[in-house]
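Undergrad: when you get a sec, could you give me coordinates for this:
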Amino acid sequence: MDYIKRHMESYIQQADRAFKALLVTGARQVGKSTLLGHVYPDRPYLTFDDPLILEQARTEPGLFFRNHPYPITLDEVQHIQELFPYIKMACDASDERGIFFLTGSQSFQLMKHVSESLAGRIAIFELSGLSLREIDGIDFHQPFIPSEAYIEQRGKHFRPHQHIWSLIHKGSYPALYKADVDWQLFYSSYVKTYLDRDVNDLLQVKNRLKFMRFLTAMAARTGQMLNYSKVAEQADVTVATAKEWTSVLEASGLVYILPPFSNSALSRAIKTPKLYFRDTGLVCYLAKYLTPELAMNGAMSGELFETFVVSEILKSFSNAGVDYRMNVSYYRGRDKTEQRESEIDLLIEDGDTIYPVEIKMSANPKLTMTNSFDVIDKIKNHRRGLGIVLCMYSQKLWLNERVVALPVEYI
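TA: The predicted model follows:
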């Protein structure tokens, strides 16, 4: 398959005209350098995966830009912290815009360098794997904030999928959408490269077998509350090590830790975050679901479906240049007056409005699935927006005046 147009392209072009530098972060193989190379095909490009270029940048940073003048695209810049002061000086000395394009796949190291050297000079984007919109070629860029206006506009671009589980199983890495790519070989190579490079760079892990056990144990818990003790027990490591390794998975873009909603009106809310892998194909590989049918019928099918939906929602924000971290959370607990436990899969905040979202791997949505939504009515200075059930039903279906069931293709 030819290059798939990325929704982030137009936002990067806008930032190019406004900032002296821009940074595209994301996991390995999500298409960061391919994206920049497609939008700016004539721009000089260097990757620090090349050991000779990396050594020159580290040992002679002052001479580096004499040999490689800007404007320039620098790939995998988390390896070259020595260059950041020189990038800062170059930005300060020039009135040009878009002189440095940077990419990197380890956000902890990268953001440390950026915050110390380039604050106020750089636009930052987070690229994920292909979204369902991008795969389908749908030119709709709004983040998933499910107001009636959003639903009306999204409905104009609605395209149903007969084989959504094939996409869930396949995953979202662009390389998988080229002809003759073996799914199992791709993911086995991906995991090996991840262990050889990103994990070693961040941790210097000595026991790879234990880290693989840990990675597999985490994959088995996608879509669930993150219990470090159980993961540590299964991987035969300490809880402290499990927490440290989780930070590495998050830093390298493999997982997202969804925070619990916090508000004084919901004092009995559970404070444990939830774990989501960014790519469902990787989960299927680690869980040994070798076909879409095994994934759809396996013990993890509900969690896989939820992981896919949450990932698509996060992509809708980041692809529009919006930081989703301030917008999404989940709720589980007991409020002050009710004895029953309430759970809401996702809360999407937009100003003072909170949209409750329930995610169900069902083609038979019911109003009873939304019984917990009234918890939001107890939160002061906020109002409850439209309630959403994202499911496998084939079309939009109003369940009452405040709740609507939507196919996942409405994300």
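Undergrad: after the strand ranked longest in the chain, next one along is what?
TA: The longest strand of the chain (DSSP state E) is strand 342-350. Proceeding N to C from strand 342-350, the next assigned helix or strand is strand 353-359, under DSSP states H and E.
Undergrad: what packs against the longest strand of the chain?
TA: Strand 342-350 sits against helix 301-318, strand 328-334, strand 353-359, with contacts defined as 3 or more C-beta pairs under 8 Å, 6 or more residues apart in numbering; DSSP states H and E. No exception for glycine: its C-beta is placed from N, CA and C like everyone else's.
Undergrad: of the ones you listed, which is nearest Phe64?
TA: For the helices and strands packed on strand 342-350, the distance to Phe64 is smallest for helix 301-318, at 30.6 Å, taking C-beta to C-beta.
Undergrad: what's the angle from that closest one to strand 353-359?
TA: Here the directions of helix 301-318 and strand 353-359 differ by 150 degrees (axes from the mean of the first three to the mean of the last three C-alpha atoms, to 10 degrees).
Undergrad: packing partners of helix 301-318?
TA: If contacts are counted by 3+ C-beta pairs under 8 Å, 6+ apart, helix 301-318 sits against helix 164-170, strand 255-258, strand 274-277, helix 280-286, strand 328-334, strand 342-350, strand 353-359.
Undergrad: for that helix, buried residues please.
TA: Within helix 301-318, the residues that qualify as buried are 301, 303-318, counting by 16 or more other C-beta atoms under 10 Å.
Undergrad: mean pLDDT for the helices and strands packed on strand 342-350 - can I get that in JSON lines?
TA: Listed next are the helices and strands packed on strand 342-350 as JSON lines, based on pLDDT from 0 to 100:
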{"stretch": "helix 301-318", "mean pLDDT": "98"}
{"stretch": "strand 328-334", "mean pLDDT": "88"}
{"stretch": "strand 353-359", "mean pLDDT": "97"}
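Undergrad: distance from stretch 45-52 to the middle of the chain?
TA: Counting by C-alpha atoms, centre = their mean, to the nearest Å, stretch 45-52 is centred 26 Å from the centre of its parent chain.
Undergrad: try stretch 124-141
TA: 11 Å.
Undergrad: kindly report the same for stretch 54-68.
TA: On C-alpha atoms, centre = their mean, the centre of stretch 54-68 falls 33 Å from the chain's centre.
Undergrad: begin at 482, not 1, for the rest of this chat.
TA: Okay, using 482 as the starting number, the last item reads as stretch 535-549.
Undergrad: need the CA coordinates for that stretch. PDB is fine.
TA: Written as PDB, here are the backbone C-alpha positions of stretch 535-549 (Å, rounded to 0.1, in the frame of the first residue of the first chain):
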ATOM      1  CA  LEU A 535      26.100   9.700  16.600                       C
ATOM      2  CA  GLU A 536      29.700   9.600  17.600                       C
ATOM      3  CA  GLN A 537      30.500  12.900  15.800                       C
ATOM      4  CA  ALA A 538      27.500  14.600  17.400                       C
ATOM      5  CA  ARG A 539      28.600  13.500  20.900                       C
ATOM      6  CA  THR A 540      32.300  14.200  20.600                       C
ATOM      7  CA  GLU A 541      32.400  17.300  18.400                       C
ATOM      8  CA  PRO A 542      29.000  19.000  18.900                       C
ATOM      9  CA  GLY A 543      30.400  22.400  18.100                       C
ATOM     10  CA  LEU A 544      31.500  21.200  14.700                       C
ATOM     11  CA  PHE A 545      28.400  19.200  14.000                       C
ATOM     12  CA  PHE A 546      26.300  21.900  12.400                       C
ATOM     13  CA  ARG A 547      29.200  23.100  10.300                       C
ATOM     14  CA  ASN A 548      29.100  19.700   8.600                       C
ATOM     15  CA  HIS A 549      25.300  19.500   8.700                       C
END
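Undergrad: hmm, back to that, so which of the helices and strands packed on helix 782-799 is nearest Leu676?
TA: Closest approach to Leu676 among these is made by helix 761-767 (12.6 Å; C-beta to C-beta).
Undergrad: what does that closest one contact?
TA: 649-654, 657, 664-665, 668-669, 671-672, 696-697, 700-701, 703, 735, 758, 771, 776, 781, 785, 788-789, 792 (C-beta atoms under 8 Å, 6 or more residues apart in numbering).
Undergrad: just the buried members of those residues?
TA: 649-654, 657, 664, 668, 671-672, 696-697, 700-701, 703, 735, 758, 776, 781, 785, 788-789, 792.
Undergrad: now Ile626: phi and psi?
TA: Phi and psi for Ile626, reported as degrees, to the nearest 10, are phi -120, psi 100.
Undergrad: show me this structure divided up by domain.
TA: Using automatic domain parsing, the domains assigned to the chain come out as 490-607, 613-891.
Undergrad: now those domains in CSV, with distance to Tyr484?
TA: Listed next are the domains of the chain as CSV, based on distance: least, C-beta to C-beta, whole Å:
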stretch, distance to Tyr484
domain 490-607, 6
domain 613-891, 8
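Undergrad: out of these, which gets the lowest mean score?
TA: If the domains of the chain are sorted by mean pLDDT, domain 490-607 sits at the bottom with a mean of 88.
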